[in-house]
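>>> Give me a model of this one.
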Amino acid sequence: MRAVLYLPYFLSFILGWMVPTYVNALPGDVTCLEDTMVLELPPGAKRTYRLFVVGSNNRMVLVDKWYETTCLYSVDVGSIFSFSAAYDACDVQALDNGYSLKVVLQYFSTTMGKSIQTTYNMFCVPPIVVPLLISVEAGNTVCNQTFMEVSILEQLPSFDESNASAPVWNVSINDGSSVIKMSLSEAQLNGYEFLSGANTLVIRTYFNATGLQVFQDLSTNVTLYFSDVLFSCYTGFAQINVRVKMLCAPDLVSCNDNSLLMVVPPFPGTFTGLTIGALQYLPSSSSPDVSITNETAGLVISISKRYPMAWTQACQKYQESGERTVLPATVLSFNVSQMPVSFNVWSSCPCVLNSTELCHGGFMDFVVRSNSTVPSLDLTKVRLRDPTCLPVKSLPDALWYHIPLLSCGTTVKVQNGALMYENEVRAVLSDWPLGIITRDSELRVTVRCYYNASSDEGLVLNISNNAPPPPAINQGDLTIVLQAYPDELYSAPYSNQDYPIVKYLRAPIYLEVQVLNRQDPNIELVLENCWATAHPDPNSLPRWSLITAGCPYGGDNYPTVMHPMSDFTGIPFPSHYKRFDVKAFTFVSNGAALDNAMYFHCSALICDLSKLDSVECAAHCQVPTRVRHRREPHSAVLGETMSSLPGPITSIQDQLLLQSLELPHSLKLEKRRD
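All right, here's what the predicted structure looks like:
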């Protein structure tokens, strides 16, 4: 998101600018304001003055308290002696080129020793006041399967129409051929949603929204959604425009034997770049693994499956086996009417059936490969439910298993008329000795074999990873946002255009998780887990824990520091917030830095304060770890969700210090802070 002006600074500047001062005015001088003219009077007349307004037929009317209130006059006898008259006050004459008023001042001059009477002819041409225009542009789209959204980290006037003091927002939707105008409440009924919190606004557009522009490529059946909406309001001194453009193609990626393909249908935008992980490719870039062709028929991007940062991943869909090719977080960027707009791409291929994974003869046969994770999996850490069951063949890059259906911890149950045998392959940090700072990849895979109940014929072997965490911001009212702040005061968060944020190693990074769009004092935000990754995808590896089960991660020499909300004042619902800081670090592998970028993510529960006896919502750090229970019908948990920072935080370090470090070769992956 790119903000043209930073609102808090400019609002305070304008408020100060609107207060008139007359330090350079002399008696008899007239100052013309937007709706008032001000006459400077002699300071020596304050004590004995009588002031008259000359009306029609030269009739003189004494300006007393009643006349001031009734006729929109004002006399100021403070440090500056002055008389003010509104342009529509009594006896003010409206002329073709301005406004005029005759005033007579009578007073006794002590310096001259006599009474003085002075006539002032006031005349004003009102200044032409052009309201300050404050514009905010947002175009970094988070793309989902049913909606797209952008986050704006700015202090905007409230979008809550129930707030009587909030300005009235107007909505203008460009549908490609005309502009559709509606109110904010009408927009909410037509596919638009607004989730607001302190200094944060999430604007969401569903794919059935009114005015949404839809572009299709008939050859690939790819659909591109484009939303162009202007939100505007007038605060009395400034016109505020929030221009939001979003792009999303939920099913953009297709694959052949050699490549991942992206075909973007033609639309009114100019392609400006492709970002894969930390690498950027411009329209003119040339690479043996990345081909970019931009023609009138559309933008075509081909990425080789041999791309250096690509990896294979076990399939996750029900009754589907094999592996698929996956890329790091991928972003497409465009320029639409002089405004940058980008969106994330879910860059992975459909699963490819692996013929080495079979169900037959009362056994499960499958292979666990070291390249199923990034970085490569340490195969010595792999275990079945029964750790005494070993692979029948061990290679440097693969383990071959031949498991009897009735042993090795395999369970069986009937599902849809078939017998389902299930085991688990795992290599998880919780199984390893505590206190280790090495950072190996983790793996948790469920292996299922289906048989006809009436025969010994194997149907299919299914291998599925554990379900990924919920999306960054869940649909509905229970929504959280993760933000970073410059210092421990937590006064104003970094905005989207501040990313990537640069920190020195071991410098504190101040983070906050906040419930959005709720004014309910009876709910509490309970942190579950917070972690950092080297890639934008929260499910990617490598991964380093910051908070586990609500507590600072114990396997860290520089543990996370929690900040009690009682340390902060002026927050209406402290239970809606959690604040903490972590020390900047760098991911390294085999003695070399993977990337200086750190991406932060947090998952949380929203709990009912009236039911804090719930195990899930109890204070987590009173016990070593929290045990997850089946949720009862009257559970205190109202919802679960997660959020990620809108961009990376990059660490920089002293090169002389790095050169002095000798890392043992046995450390496959560690998190280094100094």
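>>> Residues touching stretch 72-82, excluding its own?
If you take CB atoms under 8 Å, 6 or more residues apart in numbering as the criterion, stretch 72-82 is touched by 22, 25, 38-43, 45-46, 51, 53, 63, 67-68, 83-86, 88-90. From N, CA and C alone the C-beta is placed, and that goes for glycine too.
>>> which parts of it are buried?
72-73, 75, 81-82 (16 or more other CB atoms under 10 Å).
>>> May I have it exported as CSV, CA atoms only?
The C-alpha trace of stretch 72-82 is given here as CSV (Å, rounded to 0.1, in the frame of the first residue of the first chain):
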residue,chain,number,x,y,z
LEU,A,72,-23.3,36.8,14.5
TYR,A,73,-20.9,39.5,15.8
SER,A,74,-18.0,38.9,18.3
VAL,A,75,-15.8,41.3,20.3
ASP,A,76,-12.5,39.9,21.6
VAL,A,77,-10.9,41.9,24.4
GLY,A,78,-8.1,39.4,25.0
SER,A,79,-4.4,40.0,24.2
ILE,A,80,-5.6,41.3,20.8
PHE,A,81,-8.5,43.7,20.7
SER,A,82,-10.7,42.8,17.7
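>>> Helices of the protein, start to end?
7-17, 65-71, 184-188, 655-660 (DSSP state H).
>>> what about the first one, average pLDDT?
Yep, that's helix 7-17 we're talking about. Across helix 7-17, pLDDT averages out at 40.
>>> shift numbering so it begins at 772
Will do, 772 is the new start, and the previous item becomes helix 778-788.
>>> Find the residue ranges of the stretch 822-971 of the chain scoring beneath the pLDDT cut-off.
900-905, 925, 968-970 (pLDDT under 70).
>>> Tell me, how many residues neighbour the nearest residue to Gln959 once chain neighbours are set aside?
Spatial nearest neighbour of Gln959, excluding adjacent residues (CB to CB, 6 or more residues apart in numbering): Phe965 at 7.1 Å. Other residues lying near Phe965 total 19 when counted by other CB atoms under 10 Å.
>>> Please identify which of the buried residues of stretch 843-853 is nearest to Ala909.
Leu843 (43.1 Å; CB to CB).
>>> Got phi/psi on that closest one?
Main-chain dihedrals, Leu843, degrees, to the nearest 10: phi 60, psi 40.
>>> roughly how far apart are it and Phe894?
18 Å (CB to CB, to the nearest Å).
>>> what does Ile951 give?
47 Å.
>>> Ok, Leu1161 next?
For Leu1161 relative to Phe894 (CB to CB), the value is 101 Å.
>>> cool, and Lys952?
Lys952 is 42 Å from Phe894, by CB to CB.
>>> Name the residue in these two with the higher neighbour count.
Phe894 (15 against 11).
>>> how does this structure divide up, domain by domain?
What automatic domain parsing lists as the domains of the chain is 781-895, 902-1019, 1024-1116, 1129-1236, 1250-1443.
>>> Can you flag the weakest of the ones you listed by average pLDDT?
When these are compared by mean pLDDT, domain 1129-1236 comes last with a mean of 71.
>>> Stretch 888-902: which residues count as buried?
891, 893, 895.
>>> Go ahead and confirm Asn915 touches Ala1020.
No: using CB atoms under 8 Å, Asn915 is not in contact with Ala1020; the gap is 11.5 Å.
>>> Neighbour count for those two, which is higher?
Counted by other CB under 10 Å, Asn915 and Ala1020 do not tie: Ala1020 has more neighbours, with 23 against 19.
>>> just checking, which of the contacts of stretch 843-853 belong to strands?
809-811, 822, 824, 854-857 (DSSP state E).
>>> Now distance to Trp940 and neighbour count too, for those residues, in TSV please.
Listed next are those as TSV, based on distance: CB to CB, whole Å; neighbours: other CB atoms under 10 Å:
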residue	distance to Trp940	neighbour count
Val809	35	21
Leu810	40	22
Glu811	41	19
Leu822	45	22
Val824	43	22
Phe854	40	24
Ser855	34	18
Ala856	36	26
Ala857	30	16
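>>> pretty sure Pro813 is touching Pro798, no?
Yes: the pair Pro813 / Pro798 is scored as a contact, 4.4 Å apart, by CB under 8 Å.
>>> give me every residue that touches the residue lying closest to Gly869 once chain neighbours are set aside.
Once flanking residues are discounted, Gly869 sits nearest to Val896: 4.1 Å by CB to CB, 6+ apart. By CB under 8 Å, 6+ apart, Val896 lies in contact with 803, 868-869.
>>> now Glu1193
1181-1184, 1217-1220.
>>> rewinding a little: derive a PyMOL selection command for the buried subset of the contacts of Val896.
Selection of buried members from those for PyMOL, criterion 16+ other CB under 10 Å:
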select buried, resi 803
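>>> so which of the contacts of Val896 would you say is closest to Asp1308?
Cys803 (60.5 Å).
>>> Tell me the buried residues in stretch 814-822?
Those would be 815-816, 820, 822, for stretch 814-822 by 16+ other CB under 10 Å.
>>> That one: end-to-end distance?
Start-to-end span of stretch 814-822 (CA to CA, to the nearest Å) is 14 Å.
>>> what's next to it, contact-wise?
798, 812, 833-834, 846, 848, 852, 854, 874-882, 887.
>>> Mind doing that once more with 10 Å?
The contact list for stretch 814-822 (CB atoms under 10 Å, 6 or more residues apart in numbering) reads 798, 810, 812-813, 832-835, 838-839, 844, 846, 848-852, 854, 874-883, 886-889, 891.
>>> Could you give the separation of that stretch from the chain centroid?
61 Å (CA atoms, centre = their mean, to the nearest Å).
>>> try stretch 1371-1384
With CA atoms, centre = their mean as the basis, the mean position of stretch 1371-1384 lies at 20 Å from the chain mean.
>>> mind saving the C-alpha coords of that stretch as CSV?
What follows is stretch 1371-1384 as a C-alpha-only set of coordinates in CSV (Å, rounded to 0.1, in the frame of the first residue of the first chain):
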residue,chain,number,x,y,z
PHE,A,1371,6.3,-13.4,11.1
HIS,A,1372,3.0,-15.2,11.7
CYS,A,1373,0.8,-15.8,14.8
SER,A,1374,-2.2,-18.0,15.5
ALA,A,1375,-4.7,-17.2,18.2
LEU,A,1376,-8.0,-18.1,19.9
ILE,A,1377,-10.8,-15.7,20.6
CYS,A,1378,-12.2,-16.6,24.0
ASP,A,1379,-15.3,-15.8,26.1
LEU,A,1380,-14.2,-14.1,29.3
SER,A,1381,-17.1,-15.6,31.2
LYS,A,1382,-15.8,-19.2,30.6
LEU,A,1383,-12.1,-18.8,31.5
ASP,A,1384,-12.2,-22.1,33.4
